[in-house]
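> 3D model of this:
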Amino acid sequence: MKGGGAVSADRPSGGGKLQRPLVILLGVAGVSLSAVFTRWSTAPALVLALYRMALSAALMAVPALTRRRDLASVTRRDAALCLLSGCFLGLHFTAYFAALERTSIAAAVVLVDTEVLFVALVSAAVLGQRLRRRAWAAVALAFGGAAVVALEGSGAGDTLSGNFIALAGAAAMAVYTMIGAVCRRKLSTEAYTFLVYLAAAAFLLAAALMGGMPLTGHGPVNGWTALGMAVCCTLLGHNVFSWGLRYLPAAFIATAKLLEPVLASVWGLLLFGERPGALTLAGGAAVLGGIALYTCAFAEAERKMK
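Down below sits the predicted model:
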């Protein structure tokens, strides 16, 4: 009806436009709770990651099955890519949780968030995508800051290893992101996330069984914290970012996600009394500044291409 004032589901009203950035910020707040739930957990990192991915897959099963046509259209190539993507997502969460067992919340979250820079380097080295000088300066600044954060724990073996495990988690997340960009050209958000979470859970289950790691007997607290991560961090966090890409510039979402280390550090201070060291603060500022600079450079390049 043209004159009835009806608004399409794909084109929300003007009020909706004002609310979308707020929804993204709430998603960032949800993701920032991941470190808190991990601190409250007692299960090994691999088991905790398995719990989170299994619960995330279960929660996404209903919306995915309501779009059976999307699942029916999945080809063998799509399924293989989702499986590979899920494996790297499982590696990412295992590394992140393991890092939080060894280093501070501030350091772990800052280093894990260097993912976008790994994507930039791989895109330049493997895919031949040219980076402008401004983008290279941003990458150098951010990785320099990451090195400062990582080396702050050089005097303590566990802290140093935790910092480098967090960087490994960022690299795994970068591979997951790049594979996902290919899959999302065809698959819906519901189908893609369900298949990837299911693949991640299967990969982690196989790894736990091969390693002889007990899957039960870790106490109910780990089930509750994994459920908290599945709901707050996965469904109300990562899935919100995927939704936001339909309505908001990717540069805005990437920039908004820079709040995650800040919020996670605040949670760490308030709930666990963790005070970031001077090097972590300085290096973290450099990392966030580099990511913000790279995001702006990427957005500018995108506008010029259009």
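
> Check whether residue 119 really touches residue 179, as I assumed.
No: the criterion here is Cβ atoms under 8 Å, and residue 119 misses it with residue 179 at 11.0 Å. Backbone N, C-alpha and C define where each C-beta goes, glycine included.

> Least confident secondary structure element in this structure?
Across the helices and strands of the chain, mean confidence by mean pLDDT, DSSP states H and E is lowest for helix 250-256: a mean of 72.

> Pull the distance from the helix or strand that it is followed by to the chain's centre.
Under the assignment DSSP states H and E, the closest C-terminal helix or strand after helix 250-256 is helix 259-272. Its chain's average C-alpha position is 16 Å from that of helix 259-272, according to Cα atoms, centre = their mean, to the nearest Å.

> Start at 410, not 1
Taking 410 as the first residue, the last one we looked at is helix 668-681.

> contacting residues around helix 668-681?
434, 437-438, 440-445, 448, 513-515, 518-519, 522, 683-685, 693, 696-697 (Cβ atoms under 8 Å, 6 or more residues apart in numbering).

> what's the offset of the least confident helix or strand of the chain from the middle of its chain?
The answer for helix 659-665 is 13 Å, by Cα atoms, centre = their mean.

> which other helices and strands contact it?
In this structure, helix 659-665 makes packing contacts with helix 423-441, helix 687-714, judged by 3 or more Cβ pairs under 8 Å, 6 or more residues apart in numbering; DSSP states H and E.

> So what's the gap between the last one and the chain middle?
What it means is helix 687-714. Distance, centroid of helix 687-714 to centroid of chain: 17 Å (Cα atoms, centre = their mean).

> Return the angle between stretch directions for it and helix 668-681.
Taking axes from the mean of the first three to the mean of the last three Cα atoms, to 10 degrees, one finds that helix 687-714 is oriented at 150 degrees with respect to helix 668-681.

> How many neighbouring residues does residue 618 have?
10 (other Cβ atoms under 10 Å).

> now swap in residue 568 and tell me
Quick note: residue 568 (other Cβ under 10 Å) scores 18 neighbours.

> For it, identify the helix or strand it belongs to.
Applying DSSP H and E, one finds residue 568 within helix 566-592.

> one step back: and among the helices and strands packed on helix 659-665, the most buried is which?
Of the helices and strands packed on helix 659-665, the one with the most neighbours on average (mean count of other Cβ atoms under 10 Å) is helix 687-714, at a mean of 18.

> tell me the angle it makes with helix 566-592.
Using the same axes, to 10 degrees, the direction of helix 687-714 lies 10 degrees away from that of helix 566-592.

> which regions of the protein lie under the pLDDT threshold?
410-427, 536-538, 561-566, 658-660, 710-711, 713-715 (pLDDT under 70).

> rerun at 50
Counting by pLDDT under 50, the chain contains low-confidence ranges at 410-424.

> What separation is there between residue 670 and residue 443?
In this view, residue 670 and residue 443 are 12 Å apart by Cβ to Cβ, to the nearest Å.

> Likewise for residue 606?
Taken as Cβ to Cβ, the span from residue 606 to residue 443 is 15 Å.

> contact partners of stretch 647-665?
The contact list for stretch 647-665 (Cβ under 8 Å, 6+ apart) reads 421, 426, 429-430, 432-437, 439-440, 525, 593, 598, 602, 666, 700-701, 704-705, 707-708, 711.

> Next: stretch 684-694.
Contacts of stretch 684-694 (Cβ under 8 Å, 6+ apart): 513, 515-516, 519, 553-561, 670, 674, 677-678.
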